[in-house]
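S.K.: just to be clear, the model below is a prediction. Sequence and coordinates:
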Amino acid sequence: MNSSPTPRLTFGKQRRLRSGADFQRVYRQRTSRNAGPLRVYAAPNHLDGHRLGLSVSRRVGSAVVRNRIKRLLREAFRIEQHTLPGTYDLVVVSHRHEPLTLEAYRQHLRQAVERLHGHWRKQEED
RNA sequence: UACGCGUGGCGAGGCGGCCGCCGCCCGGUGUCCCGCACCGGGUGGAGGAAAGUCCGAGCACGACAGGGCACGGUGGAGGGUAACACCCUCCGGGCGCAAGCCCAGGGAUAGUGCCACAGAGAACAGACCGCCGAUGGCCCGAGCAAAUCCCGCAAGGGAUGAGUCGAAGGCACAGGCAAGGGUGAAACGGUGCGGUAAGAGCGCACCGCCCCGGUGGCGACAUCGGGGGCACGGUAAACCCCACCGCGUGCAAGGCCAAGCAGCGGCAAGGGCCGGCCCGGCCCACUCGAGCCGCGGGUAGGCCGCUUGAUCCCGUCGGUAACGGCGGGGCCAGAGAAAUGGUCGCCACCGCCGGCGUCCGCUCGUUCAGGGACGAUGGCGGCAACAGAACUCGGCUUACGCCCACGCGUAAACG
RNA sequence: GGGCUCGUGGCGGAACCGGCAGACGCAGGGGACUUAAAAUCCCCCGGGGUUAAUACCCCAUGAGGGUUCGAAUCCCUCCGAGCCCA
């Protein structure tokens, strides 16, 4: 059980990318990192927390498989959102693969965001 | 008990903790109010196939969805239904020992096309092998016999023998036949007896087929009687004919609001619409501003459509049934970058492994040991498969896990 | 969500109003030519069985079923690709 004074691990509408314009803004930064079967795009959003968008096309699998992957990715984001550095709008694109465990998705997500954070900090220094 | 058939049912076994998600309702806080955001509470939240998109509808728009052609679909009968290619009952045919299952199951005497290869012949067919020798012919020659010759006085006898004739026999040239062989998916009814030169519906019996009539049934059809020697190959999931049905497009339909760009061309006694053609009809014009159409350009934001419906449950009545009537009760996902998830525990259940106890129509002379059944028990693993609503229903089809229930059939067995 | 099109050897692509499947091209293998290679020419080229080898037989047009004497072709049901629409 988590006894540290972390904020609540919610994932409501304010934590999601909900329009095509949001997605286009992230894609236009052309900044992504791969991690396992995932490709994560990131753009700083200057809000009080990360936001997440998912892109899982029909090529990934059946509706059941796509649902499964998206649920696990949302759960991974929900748990990790306050331990990830910075505040970014993230878009996670899934390649075709068999669904992994929740733990695996958490590691992939954290690894990708940490790399992206490093990239953006170098951008700000330059 | 085994195998099989049919009908119906269920679709995460139950309970709980923690962290979350999407609607709606109520209260509070923030913002001037609305809306929105957040906090708290309540409540609802995937399927039997939600799937494939194979049919049928509702609904929406295209005048008011109308007639004909074209095109497409359906095809035993009667019923059910909003409708159907679905369902029910029945009829006919086929398969199965049976319970049962399957059938695009109208028309091939309206017409057209096709039937490769093989084969003699393939659609008012045909004669390769074969069968026949009745008829004609040829050979042959039992008989008759003109004529000639020889012997004899003569009667007469003998030889040759045109011809006549066709008894017996031969040939198979003409001809007859289509039974058998052979070819083929299919060869112009089948079996048997008679009949014949050989054969053949040539005749007869039975079966099949066709025609007519009676009876039963709403009907598909069944059945009985009479007649016809058979004239009528298959294919319509080939064109087609008949009967019936179908206007087109699909919620990305369509309506409203906001934002935004860039126009060009066509139309006036004409233009547009019912997306193919004709009819029939409608709208707008003839008034100088719009309208409509075509090409091009722009926007992919919000609201409505959007879930109360041929609805579900219970009871009752009608009907063989599908289903329908009546009465009572319920409201059961409505997102739009797409919600039902994650994790932990207890109890059931299943599989594997371990030891304990009891029992034994088992192996065995007995013990040990092994095996089996039952009971409680410890550990590990599993607790799902097919699969995710996207306008909504009715079906079909396909995928999948059961178990359960019920009704049957066949075979074996009954210590 | 809705509408439509197409599946034939390793690849492209014929045969599609039923009648010998795989024409033709590319790739591949063998041979000839050459010192060698390229180019050119000739032959082979789906799988299995059988055989010393040919011959021969069976299975093959995405899968399964149906109609037909006969199906790549006609009909039905699945499977898999691709395209279009606000």
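M.R.: Thanks, I have the structure now. Residues are numbered from 1 along each chain as shown, chains lettered A, B, ... in the order given.

S.K.: for the rest of this, base every contact and every neighbour count on C-alpha atoms.
M.R.: Noted.

S.K.: who's in contact with the closest residue to residue A:102 other than its chain neighbours?
M.R.: In this structure, residue A:102 finds its nearest non-sequential neighbour in residue A:72, 5.8 Å apart by C-alpha to C-alpha, 6 or more residues apart in numbering. Going by C-alpha atoms under 8 Å, 6 or more residues apart in numbering, residue A:72 touches A:101-102, A:105.

S.K.: of those residues, list those near RNA strand B.
M.R.: Counting by C-alpha under 7 Å from any atom of the strand, the subset of these that neighbours RNA strand B consists of A:101-102.

S.K.: residues from chain A in reach of RNA strand B?
M.R.: Taking C-alpha under 7 Å from any atom of the strand as the criterion, the contact residues of chain A with RNA strand B come out as A:8-14, A:16-21, A:23-24, A:53-55, A:62-64, A:67-68, A:70-72, A:75, A:78, A:101-102.

S.K.: apply 6 Å and report the result again.
M.R.: Applying C-alpha under 6 Å from any atom of the strand, one finds that chain A approaches RNA strand B through A:8-14, A:17-21, A:23, A:53-55, A:62-64, A:67, A:71-72.

S.K.: fine by me, we can end here.
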